[in-house]
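Asks: any chance you could fold what I've pasted below:
(chains A and B)
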Amino acid sequence: MENKHILKLLKQTAKLMELFGENDFKIKSYNSAIYNLEKADVRLADLDQSALEKLDGVGKSIAASIAEIIETGSLKQLTDYQNKTPEGVMEMMKLSGFGPKKIKLIWEDLGIDNLTDLIEACKQDKIAALKGFGAKSQDKMLESAKFLISRRGFVHYREAEKIAEALIEHLQELTDKNFVSTTGAVRRKMEVIKPIELLVGAKEKSKIKSSLEKSANYEVNEKLSGPYKLKLREKETKAEIDIYFTPEENFANELYRTTANPQHLVHQTDKGESLYKLLKQENFKSEEAIFKAADLPFIAPELREGLWEFEMAKEGNMPKLIETDDLKGILHNHSTYSDGANTLERMATYCKELGYEYLGISDHSKTAAYANGLQEFRVKQQHEEIDELNKKLAPFKIFKGIESDILNDGSLDYADDVLASFDFVVASIHAQLNMDEKTATERLIKAISNPFTTMLGHPTGRLLLQREAYPINHYAVIDACAEYNVIIEINAHPWRLDLDWRYVKYAIDKGVMISINPDAHETKGYHDMYYGVCVGRKAGLTAKETFNALSQKEVEAHFNKKKEAALQLIKS
DNA sequence: GCCGTTTTCGGCCCGACTGTTTTCAGTCG
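Replies: Predicted coordinates:
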């Protein structure tokens, strides 16, 4: 069992303890144990009770809880809390800007236990009247509640892909393997998904239906299901799933039709008819045959949005889309120096084991106190360790980086001589996220214009399905990156995927390099780069435009050139 | 609940921000 799962249950427990008004210090000790365990470079499942008790912040009671989770996969204390909490209240706990204490008050004083009633209460000014609330809180709560309702049933791509893969495996046991596929948004690798769509040959329809009805993992929605469609819900994540059935001779046509964004299908072929109409004329054997009939090159599923794929096809140079194998190094990563879970050495050796040529370590900078950001003397210590490791691991190389906080006024949080000691600087915003578009854009552009800024980190700060992006003028920000020779990252964490792929295309057109960065806080995080590759492909990204597809030598040359220019500039 | 000691009891991770207060609690990264 992974640490992540254990910590997830402990976090839920701590949150619910707060909702039920447990002793504040008891809650604090849970949170401090979680805080320490997130940074602990150990595999909890390998430890017994007495070894667990020796960990920082873990005593007898929490050690016993961890042991229980390892043994049974669950925690009775947590289950008891969950049984006492209405589903609607659990949903209310996700309101951004409101923690368990505020939710507790609303639940207890007003008896509100779901988002719909909460919205009604906001409209009737009942929330603003509560102690500790006011008009502003009420407005924020209303907005946040509406946001949550609009995201119901959505899951992140990572979850959608996992659920789809498991379901496909199940279906392939019941019917002809060749007639089972993902389709729709999940096949187009969208960043968030609702519903997860699958296309299946109709031959074993009834067998599939009864098998799914018996399954413990899914609920079949009888009302919304019909002869050509099964509507399900995955129980654990509440993800919505649509399974379409189609006669096998029509499979390729249906796969093509249901995969594409409707905008794609209205495209007129050279014969002056839409792709949609073409599909009605003939049952094709494969998608390749459909493209051939339309006199088009093969267009990868993730590009079928009706945005720019036909323009690419017309120019006769369909891009060879980026693949994970094209990436030669991993930039923007954290270690135990700040808030990462693994040591610098482990991060480096694992990166090397995976076959990469280089690693860029960019721990948090000093302003990020919550993340144990690096004071100047610790920067120096880290650089000494990197020099040692580089001797040991050569020809593999660790680049000295930093994720420098962009302060409110757009400046970075180290003096020039410290900034100059890094090979590269990722500039990111972590605090004061509630800016208007003008302020946020100016703040970013000021940071981009800093001669030491190598790369812009997660440009909008969004957390998909959880926190809206702060508004920015993407075009102005990207133009600034082009002007100041700054790389933009696609932060590949499945909750971020920021820069959004819709703007990656603009960045490419402007000649801005894109770096696919995992923002890894543990070795396992490296594998998230796959999700960055998925969204990069949607924008038509190729290896040529991807910074970390460059070799170690090329990356080094870029870093050096940028730094020399910066030093020249501050001298003059 | 955990920790550390001047060892069985008292204090508890950091700093900023927000919106509510009228000095501070709650939330967040």
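
Asks: name the helix or strand for the residue of the stretch 401-550 of chain A found nearest DNA strand B, please.
Replies: Closest contact between the stretch 401-550 of chain A and DNA strand B, by Cβ to the nearest atom of the strand, is at A:His430 (3.9 Å). Glycine gets a C-beta too; all of them are placed from N, C-alpha and C. For A:His430, there is no helix or strand it lies in under DSSP states H and E.

Asks: so who does it touch?
Replies: By Cβ atoms under 8 Å, 6 or more residues apart in numbering, the contact list for A:His430 reads A:364, A:367-368, A:405, A:461.

Asks: strands along the stretch 201-350 of chain A, start to end?
Replies: Ranges of strands in the stretch 201-350 of chain A, per DSSP state E, counting those that start in this stretch, are A:218-220, A:229-234, A:240-246, A:329-333.

Asks: check the secondary structure at A:Asp409 for me.
Replies: Secondary structure, DSSP: H, G, I helix; E, B strand; the rest coil: A:Asp409 is coil.

Asks: tell me where chain A has strands.
Replies: Ranges of strands in chain A, per DSSP state E, are A:155-156, A:180-183, A:192-193, A:196-201, A:218-220, A:229-234, A:240-246, A:329-333, A:358-364, A:397-405, A:424-428, A:455-456, A:487-491, A:514-517.

Asks: need those in a markdown table (columns: mean neighbour count, mean pLDDT and distance to A:Leu444).
Replies: Output for the strands of chain A, formatted as a markdown table (neighbours: other Cβ atoms under 10 Å; pLDDT from 0 to 100; distance: least, Cβ to Cβ, whole Å):
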| stretch | mean neighbour count | mean pLDDT | distance to A:Leu444 |
| --- | --- | --- | --- |
| strand A:155-156 | 24 | 94 | 25 |
| strand A:180-183 | 22 | 98 | 36 |
| strand A:192-193 | 22 | 96 | 24 |
| strand A:196-201 | 25 | 97 | 35 |
| strand A:218-220 | 19 | 94 | 44 |
| strand A:229-234 | 19 | 94 | 38 |
| strand A:240-246 | 21 | 97 | 36 |
| strand A:329-333 | 25 | 96 | 17 |
| strand A:358-364 | 26 | 96 | 18 |
| strand A:397-405 | 24 | 96 | 13 |
| strand A:424-428 | 26 | 95 | 8 |
| strand A:455-456 | 26 | 96 | 7 |
| strand A:487-491 | 27 | 96 | 11 |
| strand A:514-517 | 28 | 97 | 16 |
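
Asks: where is the longest helix in chain A?
Replies: Using DSSP state H, we find that the single longest helix of chain A is helix A:552-571.

Asks: which parts of the stretch 351-500 of chain A sit against DNA strand B?
Replies: Contacts of the stretch 351-500 of chain A with DNA strand B, taken as Cβ under 7 Å from any atom of the strand, map to A:369-370, A:408, A:430-434, A:463, A:467.

Asks: for PyMOL, write a command that selects the buried ones of those.
Replies: If you want just the buried ones from those in PyMOL, going by 16 or more other Cβ atoms under 10 Å, the selection is:
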select buried, chain A and resi 430+467
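
Asks: so which of the residues of the stretch 351-500 of chain A next to DNA strand B comes closest to A:Lys400?
Replies: Each of those was scored against A:Lys400 by Cβ to Cβ, and A:His430 proved nearest at 20.4 Å.

Asks: what's the spacing between that closest one and A:Asp519?
Replies: Relative to A:Asp519, A:His430 is positioned 12 Å away (Cβ to Cβ, to the nearest Å).

Asks: cool, and A:Trp495?
Replies: A:Trp495 is 10 Å from A:Asp519, where distance means Cβ to Cβ.

Asks: so for those two, which sits in the more crowded spot?
Replies: A:Asp519 (25 against 19; other Cβ atoms under 10 Å).

Asks: how far away is whichever residue of the stretch 351-500 of chain A sits closest to DNA strand B from A:Glu302?
Replies: With Cβ to the nearest atom of the strand as the measure, A:Tyr370 is the residue of the stretch 351-500 of chain A nearest to DNA strand B, at 2.7 Å. Plainly put, A:Tyr370 is 36 Å away from A:Glu302 if you go by Cβ to Cβ.

Asks: likewise A:Gly457?
Replies: A:Gly457 is 24 Å from A:Glu302, by Cβ to Cβ.

Asks: could you do A:Glu234 as well?
Replies: 23 Å.

Asks: how far away is the closest residue to A:Thr349 other than its chain neighbours from A:Leu359?
Replies: Counting by Cβ to Cβ, 6 or more residues apart in numbering, A:Leu393 is the residue found nearest to A:Thr349 once chain neighbours are left out, at 7.1 Å. Per Cβ to Cβ, A:Leu393 is found 9 Å from A:Leu359.

Asks: residues near A:Ala260, how many?
Replies: A total of 26 residues lie near A:Ala260 under the criterion other Cβ under 10 Å.

Asks: per-residue confidence at it?
Replies: pLDDT recorded at A:Ala260 is 97.

Asks: excluding chain neighbours, what is closest to it?
Replies: Here the residue nearest A:Ala260, using Cβ to Cβ, 6+ apart, is A:Arg304, at 4.3 Å.

Asks: residues near the one you found, how many?
Replies: Look at A:Arg304: counted by other Cβ under 10 Å, it has 22 neighbours.

Asks: ditto for the one 10 residues further on
Replies: The number of residues packed near A:Lys314 is 11, by other Cβ under 10 Å.

Asks: again, but for the one 5 residues further on
Replies: Residue crowding around A:Pro319 was assessed by other Cβ under 10 Å; the count is 19.

Asks: what's the answer for A:Glu38, then?
Replies: Look at A:Glu38: counted by other Cβ under 10 Å, it has 16 neighbours.

Asks: looking at it, it is touching A:Leu7, isn't it?
Replies: Yes - judged on Cβ atoms under 8 Å, A:Glu38 makes contact with A:Leu7 at a distance of 6.4 Å.

Asks: ok, residues contacting stretch A:471-485?
Replies: By Cβ under 8 Å, 6+ apart, stretch A:471-485 touches A:435-437, A:440-441, A:444-445, A:448-449, A:451, A:453, A:456, A:459-460, A:486-488, A:499-500, A:503, A:506-507, A:510-512, A:562, A:565.

Asks: make a ChimeraX selection of whichever of those residues turn out to be buried.
Replies: A single ChimeraX command selects the buried members of the contacts of stretch A:471-485 (16+ other Cβ under 10 Å):
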select /A:435,440,441,444,445,448,451,453,456,459,460,486,487,488,499,500,503,506,507,512,562
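
Asks: just the ones of the contacts of stretch A:471-485 in helices?
Replies: Per DSSP H, those map to helices at A:437, A:440-441, A:444-445, A:448-449, A:503, A:506-507, A:562, A:565.

Asks: show me which of those residues is closest to A:Phe291.
Replies: A:Tyr506 (26.4 Å).

Asks: and the strands of the stretch 201-350 of chain A: which comes nearest DNA strand B?
Replies: Of all those, it is strand A:329-333 that lies closest to DNA strand B, at 14.6 Å by Cβ to the nearest atom of the strand.

Asks: residues contacting the closest one, please?
Replies: By Cβ under 8 Å, 6+ apart, strand A:329-333 touches A:340, A:347, A:351, A:356-362, A:399, A:401, A:403, A:424, A:426, A:455, A:457, A:489, A:491, A:515, A:517-521, A:525-526, A:529, A:547-548, A:550, A:552, A:555.

Asks: try 7 Å
Replies: If you take Cβ atoms under 7 Å, 6 or more residues apart in numbering as the criterion, strand A:329-333 is touched by A:347, A:351, A:356-362, A:403, A:426, A:457, A:489, A:515, A:517-520, A:526, A:529, A:548, A:552, A:555.
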